[in-house]
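**Student:** model this:
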Amino acid sequence: MSEAEPPKWDVTEKDLKELRFLLANRFPTDWPVKWKRCAIPDGTWGDTELKVPRSKDKRPYILIRINKEMPLAMQWLIMLHEYAHARQQRGPRVEASRLEDHDGEWGVHEAQIWSEFGG
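**Tutor:** Next up is the predicted model:
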């Protein structure tokens, strides 16, 4: 898979791993991103959250969770959506004051990411 290749309907685990690498290199974030593919309750497809460890020795990071129950091709699309949230993350104070999760800043990041990896 090359950077400009659109998502395939036969997405593999390897493709998802490579997408995480490509996103991090093409679209850096203010904090490191950790990915977790897991069962998420309440029918949620994915979410993104800035985690601030209690220990001052540990650095904050962005946790992106993707619902592992979704088909792999759908996980690809959810990863793009959630990574746009990671790109807009500005810290707890700014995020608490946001009026909408999907504001204009998020939309710009989503459009840039989608044009590169969404097909």
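**Student:** Where do the helices of the protein begin and end?
**Tutor:** 13-26, 72-88, 92-97, 104-117 (DSSP state H).
**Student:** could I have the last one exported to CSV, CA atoms only?
**Tutor:** Presented in CSV, the C-alpha positions along helix 104-117 are these (Å, rounded to 0.1, in the frame of the first residue of the first chain):
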residue,chain,number,x,y,z
GLY,A,104,-14.4,23.9,11.6
GLU,A,105,-11.0,23.1,12.8
TRP,A,106,-11.9,19.4,13.0
GLY,A,107,-13.4,19.6,9.5
VAL,A,108,-10.1,21.0,8.1
HIS,A,109,-8.1,18.2,9.6
GLU,A,110,-10.7,15.6,8.5
ALA,A,111,-10.6,17.0,4.9
GLN,A,112,-6.8,16.9,4.8
ILE,A,113,-6.6,13.3,6.2
TRP,A,114,-9.5,12.1,4.0
SER,A,115,-7.9,13.5,0.8
GLU,A,116,-4.7,11.6,1.6
PHE,A,117,-6.1,8.3,2.9
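**Student:** picking up where we left off before, pick out the shakiest of the helices of the chain, pLDDT-wise.
**Tutor:** Mean pLDDT across the helices of the chain is lowest at helix 92-97; the value there is a mean of 55.
**Student:** Leaving out sequence neighbours, find the closest residue to the residue positioned nearest the centre of the chain.
**Tutor:** The centroid of the chain falls nearest to Tyr83 when counting by Cα atoms, centre = their mean (2.4 Å). Excluding its sequence neighbours, the residue lying closest to Tyr83 (Cβ to Cβ, 6 or more residues apart in numbering) is Leu23, at 5.1 Å. From N, CA and C alone the C-beta is placed, and that goes for glycine too.
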